[in-house]
Structures are given as structure tokens and as C-alpha cells.
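S.K.: this is the structure alone, sequence omitted:
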């Protein structure tokens with residue numbers, strides 16, 4: 001114990017020469033079950049490189065602030081997911097192999113003891129900071145990581161990969177079939193064929209039925225009491241992946257939102273995952289790397305240029321028991337990670353939790369008002385109901401909390417699917433992994449103008465089409481994997497969302513044309529037209545009811561008047577669906593980037609203030625506790 005106190009005092013230097021304070025810091029690290037070197041770097045805001053340099057100096061060990069370039073043995077694909085936990089690497093420097101180490105305090109003291117015994121180890125080792133070692137591991141294995149990021153899912157589950165199963169013929173066949181169906185429905189008001197009624201009902205009514213049932217049967221979603229959440233000592237290491245591309249202006253806000261998280265800093269593993277061709281964003285992240293919670297992973301430029309490929313590239317470096325994804329504009333509630341970790345402990349059968357996404361610039365335009373109501377209904381009512389019924393649940397693109405082991409088992413993300421979130425949610429259901437919802441909000445920025453909204457919705461519709469095709473590529477296998485219940489829900493709910501958007505445009509247009517012809521000629525409308533109108537109205541009711549319920553949940557009555565523009569909103573969604581059909585054929589993997597930071601509204605509110613640390617009792621120095629902590633290490 002005395003050696004540990006001495007190394008802590010030596011590192012702290014001007015920060016604390018008080019033996020009792022050093023021992024208290026040591027005890028705090030032992031209580032949290034974290035390495036004292038990491039604890040010092042996080043709690044005293046001392047750069048990691050300084051901590052390790054002084055620790056190495058205390059132990060008489062060689063130190064170098066970087067890992068020099070040189071030949072090194074690559075990590076095998078079978079061990080790729082262990083990359084984040086590796087604390088050593090051998091590099092050929094001039095005429096000999098040097099082992100670069102990022103040891104814990106106990107390991108460093110053990111090395112000092114070996115040196116004092118004259119075992120001659122100092123000539124072949126060198127101490128480096130852990131973050132520097134991890135960056136070197138990424139750099140030395142970048143080609144393998146890149147290949148792994150693109151082929152991860154195909155290697156694990158080849159029947160569920162858009163790369164392998166989304167062939168040109170399948171895409172063309174899907175678009176032709178969907179176009180034929182649209183044309184057939186467009187003729188319904190003119191042909192009045194009763195045989196079309198079941199088809200129309202099957203397309204428009206199931207999504208509405210799901211929404212109305214969710215409104216009537218929402219599960220109990222009360223927030224747990226604050227006292228029921230895990231304490232700092234009980235929390236696991238939590239990783240945060242933040243994929244960025246051309247987001248220079250969002251980095252400062254993101255860093256502030258992450259620093260506001262109510263979670264022990266030693267147990268946070270926050271990685272900014274930035275595309276290499278976003279040089280300005282890389283430069284914007286670097287000044288924040290003095291915070292020991294943050295790391296930068298630069299993804300080499302390569303096709304496909306998608307968010308899931310970047311996430312797959314970073315996944316092997318994840319060190320947390322759990323991992324969450326945040327987007328560039330996200331501001332999560334400060335206690336979200338603590339709530340997620342607590343819920344994972346409370347329900348060990350849950351593999352993924354979807355937090356609620358909320359729009360904080362809802363009052364900026366009619367479009368943001370409709371978007372906010374849609375999000376509130378979807379993430380606050382619809383998805384919790386699907387989770388409660390244990391049905392397939394398309395995830396949102398952010399604030400997905402995973403057990404890291406489960407995410408790796410299902411193959412990570414599909415690098416070629418442009419709505420990787422929806423695909424992953426369906427794959428979880430298909431492989432019988434459980435998805436739940438988390439009662440914590442992440443605040444986002446909605447597109448303010450129509451152009452960005454159309455591009456974003458086009459990508460979403462294209463991704464749902466990709467997901468629908470891929471999972472139906474081998475229907476019998478899908479049925480065997482998911483079971484009848486999940487299989488049918490996927491077809492009706494996901495398929496209904498895809499079909500209803502373009503059909504809405506042509507069906508409403510055809511009805512209006514038929515009504516105009518009847519009025520002009522003075523003839524009465526055929527009774528079947530009223531049946532068609534009834535089916536359309538019932539289909540509207542579910543979506544409208546969910547939107548109005550979403551507005552009520554937001555407790556912002558000023559947004560209600562905009563909900564009467566829903567028919568226009570659905571028409572715009574139909575236009576995005578037609579664009580998606582075109583893109584599905586000509587550029588299926590194109591990722592339309594949504595710009596952020598354009599809102600004039602203040603983002604984040606009180607969440608952007610400095611984090612408030614949870615109160616703790618004064619530590620008691622206990623030699624027995626210190627000894628047991630050492631044994632655990």
C-alpha cells in the first residue's frame with residue numbers, strides 16, 4: 001500500500017503533497033474498482049501522458065509519449081473485438097523489437113520490482129499512455145479494421161446483409177412490383193373492383209390498427225425512483241460512440257453534452273468517430289482530447305460512406321460493458337447512462353434499450369412542429385408498446401443502448417444499409433434478442449426547411465426498403481428464425497409503412513380526380529368510392545391520433561394547430577418514397593447527409609451546464625479494503 005501511496009504522491013506533485021489525501025484518492029479508486037492512474041487523470045484533470053510519464057519515472061522505467069511507426073504483428077480477425085482491451089504491442093524499432101506497454105499502477109510497480117532484481121527487462125520495454133497505445137493499434141490495423149467494418153455482418157449472418165442480398169435484380173424487381181401495385185391502386189377509384197378492397201384494407205389498415213392499439217394499451221412506463229439507480233461503485237464501464245462527418249460546428253456542443261453526463265468519468269469511454277475526409281471536424285475534436293474521457297478514431301476514406309461502416313470500424317475498440325450511439329446534434333439527459341445501466345441490471349434478459357428522441361426546436365416552423373409530434377408519438381407511445389408486446393421494433397438512429405456482447409453477437413451494423421438502426425432492430429427480433437425502451441430523453445434538432453427534410457426522409461424510406469428486401473430474401477429462413485408472429489408483424493407493419501407512403505399520394509389523387517369528374521358531369525359518386533374513402537379515413541385516423549397524442553405528451557399546446565397539416569405532411573412523405581424507389585435502383589448505398597446546427601433555437605438548456613457530481617460520504621482509509629482492491633487488480 002505504501003508504494004501505491006508514494007506513486008500517487010509523486011504523480012500529483014503540486015496537486016497534493018498530503019499523504020492522507022493521496023490515500024483517500026487511492027481508496028476512492030479502489031471503491032470504484034478502477035486503476036489509480038486512470039482515476040488521477042480523470043479526477044485531477046491531469047493529462048494521461050503526464051500521469052504515465054511521472055509513474056514511469058517513479059518506477060525507473062523508460063517512457064515515450066508516442067508509439068513510433070514500425071513493423072508490428074497485426075491482430076487476427078478472430079481477435080479483432082479484443083482490440084480495445086489490449087495494453088501492449090510489439091514494434092520493430094531499428095534493429096530490435098520493443099514492447100510498448102500501458103500498464104496499470106500495480107503492473108508498473110511489479111515491473112519496478114523486476115528491474116530492481118536485475119532481470120534486465122528495461123531494455124526491451126517502453127511505457128506509453130493507454131490512449132496513445134490504442135491509437136497506435138488502430139493505425140497499425142487500419143486495413144484489417146476497414147475490411148472488418150465492411151464485412152462484419154456478412155461473415156456472421158450472410159443472409160441478412162444488404163451487401164450480399166441487395167442485388168440489382170432484386171432492387172429492380174422490388175421497384176417494379178411496388179410501381180405496379182401503386183398503379184393498380186390508382187385505378188381503384190375508376191374501376192371500382194371489389195377484389196381490390198382486401199388489398200387496400202391490408203395496406204392501409206394494419207399500420208393504423210397498430211397505432212390505435214398502442215394508444216389504448218401503452219405499458220406502465222413510470223420512471224424509477226432516483227434511489228433505485230445504481231451508485232457509482234456499482235456502475236460498469238460505459239462506451240459512447242459518436243460518428244461524425246462534416247460536423248465542425250457541433251463538436252463543442254457535443255463535448256459539453258458528454259461532459260454533463262452524470263456518470264463516473266473513469267468509467268466513461270467516449271469515442272468521436274470521424275471520417276478521414278472531414279479534416280475540419282478532426283481538427284475541431286483534437287482540442288477536447290485533453291479530457292481523459294474522450295478519444296478520437298479516424299475512419300479511413302472508403303466506400304460505403306455510411307454511418308454504420310464507421311460504427312463497425314470503431315466497435316472493436318469499445319471497452320465498455322454497454323455501448324450507446326449518439327448523433328452530432330444529440331443532447332441526452334444527464335442521467336441517461338445511469339438509468340440504462342440500472343435497467344440492464346434490473347432486466348438481465350434485455351439486450352438493447354431505445355431511449356426516447358425528442359425535438360427541442362419544435363416551435364421553429366410548421367415542419368418542425370409536425371416532426372416533433374411524429375417523434376413524440378413514435379418514441380413515446382408506439383415503440384414502448386411494441387417493446388411491451390415483444391414485437392419487432394425498428395430502432396431509432398441514435399440513443400440505442402446495447403450490451404456490447406449482444407451487439408457483437410448479432411454482427412454489429414450492416415455497413416451497406418442506410419437505416420442501419422431499423423435493420424438492427426429487426427435482426428435483434430429475428431435472432432430472438434430482446435429490445436426494450438428507456439424512459440430518458442435525448443434532445444435533437446429537426447430539419448427546419450423542406451429540402452433537408454426530404455433528403456433525410458428519402459434515406460429513411462430507402463433504408464426501410466433495403467431492410468424489407470434483405471430480410472425477405474429467404475422468407476422460409478426468416479420465418480424459421482423469427483416465428484410466425486414476428487414474421488407477420490414485420491410484413492404488415494414495416495411493409496405497411498413502406499407501401500402506404502407512395503400509395504397515399506396516388507390513391508388520394510385518384511379519388512380527387514374521380515370526384516372532380518363526377519362533379520363536372522353531374523353524376524353521383526359510385527358507392528364503392530365511399531368505401532375507398534372510408535378505408536383511407538381509417539388509415540388516417542391511426543396516424544393522426546398518434547400525432548395528436550404526441551403533441552399532448554409534449555405539453556406544448558401551441559403545436560396542436562400545425563397537426564391539421566398532416567395530410568400535406570403525408571403527401572411529402574409519399575414524394576420522399578418515390579425518390580427512395582429511384583435511389584434504391586441507381587445508388588442504393590448513397591447516404592444523404594443531414595446538416596445540423598442550423599436551428600436558431602437554443603439547444604440543450606440546463607443540460608449543457610457543468611455536471612453536478614453526486615454527493616459522496618467522506619472516504620475512510622481502510623488497509624483491508626486497499627488490500628482487497630489490489631488483489632482484484
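M.R.: Cool, the structure landed. Treat the numbers as computed from the prediction; the structure is a model and nothing was measured.

S.K.: torsion angles phi and psi at the residue nearest to the spatial centre of the chain?
M.R.: With distances taken as C-alpha atoms, centre = their mean, the chain has residue 325 as the residue nearest its mean C-alpha position (2.7 Å). The phi and psi torsions at residue 325 (degrees, to the nearest 10) take the values phi -110, psi 130.

S.K.: where does pLDDT dip in the stretch 501-633 of the chain?
M.R.: Along the stretch 501-633 of the chain, the model assigns pLDDT under 70 to residues 511, 514-515, 517-519, 521-532, 604-633.

S.K.: now the strands: where do they sit in it?
M.R.: Secondary structure of the stretch 501-633 of the chain (DSSP state E, counting those that start in this stretch): no strands present.

S.K.: from residue 256, how far off is the residue nearest to the centre of the chain?
M.R.: In this view, residue 325 and residue 256 are 18 Å apart by C-beta to C-beta, to the nearest Å. Every C-beta, even on glycine, is put in place using the N, C-alpha and C of the backbone.

S.K.: equivalent analysis for residue 101, please.
M.R.: 34 Å.

S.K.: got it, and residue 300?
M.R.: Applying C-beta to C-beta to residue 300 and residue 256 gives a distance of 29 Å.

S.K.: ok, these two, which is more surrounded?
M.R.: For residue 300 versus residue 256, neighbours defined as other C-beta atoms under 10 Å are more numerous around residue 256 (18 against 14).

S.K.: who touches the helix or strand encompassing the more buried one?
M.R.: Taking DSSP states H and E as the definition, one finds residue 256 inside helix 251-259. Applying C-beta atoms under 8 Å, 6 or more residues apart in numbering, the contact partners of helix 251-259 are 240, 242, 244, 268, 270, 272, 281, 284-285, 288, 291, 293-294, 326, 328-332, 597, 603-604, 607-608, 610-611.

S.K.: all strands in this structure, in order from the N-terminus.
M.R.: Listed in chain order, the strands of the chain (DSSP state E) span 88-93, 96-101, 125-127, 238-244, 268-275, 294-299, 322-325, 331-332, 350-359, 400-403, 434-444.

S.K.: can you lay out the ones you listed as JSON lines showing distance to residue 135 and mean pLDDT?
M.R.: Written out in JSON lines, the entries for the strands of the chain read as follows (distance: least, C-beta to C-beta, whole Å; pLDDT from 0 to 100):
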{"stretch": "strand 88-93", "distance to residue 135": "11", "mean pLDDT": "90"}
{"stretch": "strand 96-101", "distance to residue 135": "12", "mean pLDDT": "90"}
{"stretch": "strand 125-127", "distance to residue 135": "15", "mean pLDDT": "93"}
{"stretch": "strand 238-244", "distance to residue 135": "16", "mean pLDDT": "97"}
{"stretch": "strand 268-275", "distance to residue 135": "11", "mean pLDDT": "96"}
{"stretch": "strand 294-299", "distance to residue 135": "8", "mean pLDDT": "96"}
{"stretch": "strand 322-325", "distance to residue 135": "19", "mean pLDDT": "98"}
{"stretch": "strand 331-332", "distance to residue 135": "26", "mean pLDDT": "96"}
{"stretch": "strand 350-359", "distance to residue 135": "29", "mean pLDDT": "96"}
{"stretch": "strand 400-403", "distance to residue 135": "24", "mean pLDDT": "98"}
{"stretch": "strand 434-444", "distance to residue 135": "28", "mean pLDDT": "95"}
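
S.K.: so which of those strands comes closest to residue 142?
M.R.: The closest approach between residue 142 and any of the strands of the chain, judged by C-beta to C-beta, belongs to strand 294-299 at 8.8 Å.

S.K.: neighbouring contacts of the closest one?
M.R.: With contact meaning C-beta under 8 Å, 6+ apart, strand 294-299 is reached by 131, 134-135, 138, 146, 149, 255, 258, 269-276, 282, 285-286, 288-289, 309-310, 313-314, 317.

S.K.: what's opposite the residue nearest to the centre of the chain in the beta bridge?
M.R.: With DSSP bridges as the criterion, the beta-bridge partners of residue 325 are residue 241.
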